[in-house]
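# This is a predicted model, with the sequence first.
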Amino acid sequence: MCLWRDRFAAIPFEDRGGYFLPRYYQDIAIERVMQAIAEDRQRILLTLATGTGKTFIAFQIAWKLFQSRWNLSREPTRRPRILFLADRNILADQAFNAFSAFAEDALVRIEPADIRKKGKVPKNGNLFFTIFQTFMSGPPKDGEPSPYFGGYPPDFFDFIVSYLTSTPKGKLTALENDLLDREWKQARPKVRVKLLPKEGETYVLAESGNRILKERSMRRRRLRKSAKSG
């Protein structure tokens with residue numbers, strides 16, 4: 001445990017020349033995750049509010065794992081293979097772009113069209129980005145389901161990030177009428193929320209002005225990319 005704790009601590013945050021500096025709570029989140037990994041914890045849960053930099057935190061964790069050569073063997077003989085799973089393409093694309101400090105050949109965007117074209121899942125790389133729906137899809141073989149994740153050996157990925165950012169759509173639909181009756185409350189500049197206590201839980205519907213602008217910008221980039229490739 002001490003060996004990996006010390007190796008992680010020796011890897012500085014990637015701050016892009018001082019441009020990206022972690023906030024205090026991001027620093028705490030990253031260090032606690034690294035501590036849990038050093039202790040061989042198999043499952044780690046991070047819960048963060050909208051706008052607190054979940055992608056930044058995931059990037060710094062991956063950076064420390066990559067630079068320290070942590071992997072499932074616990075022997076620093078190779079760099080890890082890390083899977084980033086999101087629930088929407090726009091989030092997978094956002095993370096893929098945010099991880100640009102890694103070498104280009106280390107980054108892999110897993111997409112169904114590429115798998116169909118090449119006839120196999122991509123394996124050359126270290127950081128793989130896709131969505132749950134892609135991993136669960138795939139053409140049937142011999143009349144049986146054959147999801148794309150089956151193309152990877154069980155121990156192929158050393159670390160998996162499951163990136164979930166909101167209440168599942170089905171649950172949100174069920175809560176929709178109750179949320180409509182709630183008043184918006186200003187949580188911080190450009191972020192407002194609706195709070196709904198229900199069934200022993202408090203559901204939070206958040207609207208972020210910065211998030212809206214970011215998603216619009218990402219959609220425009222995707223459209224430009226599609227136009228160029230078409």
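Received the coordinates, thanks.
# buried sites along stretch 140-159?
For stretch 140-159, a neighbour-count test (16 or more other C-beta atoms under 10 Å) marks Tyr148, Phe149, Gly151, Tyr152, Phe157, Asp158, Phe159 as buried. Glycine gets a C-beta too; all of them are placed from N, C-alpha and C.
# pLDDT at the nearest residue to Gly125 once chain neighbours are set aside, what is it?
Once flanking residues are discounted, Gly125 sits nearest to Val108: 3.7 Å by C-beta to C-beta, 6 or more residues apart in numbering. On pLDDT, Val108 comes in at 97.
# What are the buried residues along the host helix or strand of Val108?
Assessed by DSSP states H and E, Val108 sits inside strand 107-109. Across strand 107-109, burial judged by 16+ other C-beta under 10 Å covers Leu107, Val108, Arg109.
# Take the buried residues of stretch 140-159 and lay them out in TSV including secondary structure, pLDDT and distance to Phe56.
Output for the buried residues of stretch 140-159, formatted as TSV (DSSP: H, G, I helix; E, B strand; the rest coil; pLDDT from 0 to 100; distance: C-beta to C-beta, whole Å):
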residue	secondary structure	pLDDT	distance to Phe56
Tyr148	helix	90	28
Phe149	helix	90	27
Gly151	helix	93	30
Tyr152	coil	95	27
Phe157	coil	97	22
Asp158	coil	97	21
Phe159	strand	97	17
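# Name the nearest of those residues relative to Ala62.
Closest approach to Ala62 among those (C-beta to C-beta): Phe159, at 7.7 Å.
# and that closest one, what are its bridge partners?
Bridge pairing for Phe159 (DSSP bridges) gives the partners Ile82.
# any idea how far it lies from Glu207?
From Phe159 across to Glu207, the span is 32 Å (C-beta to C-beta, to the nearest Å).
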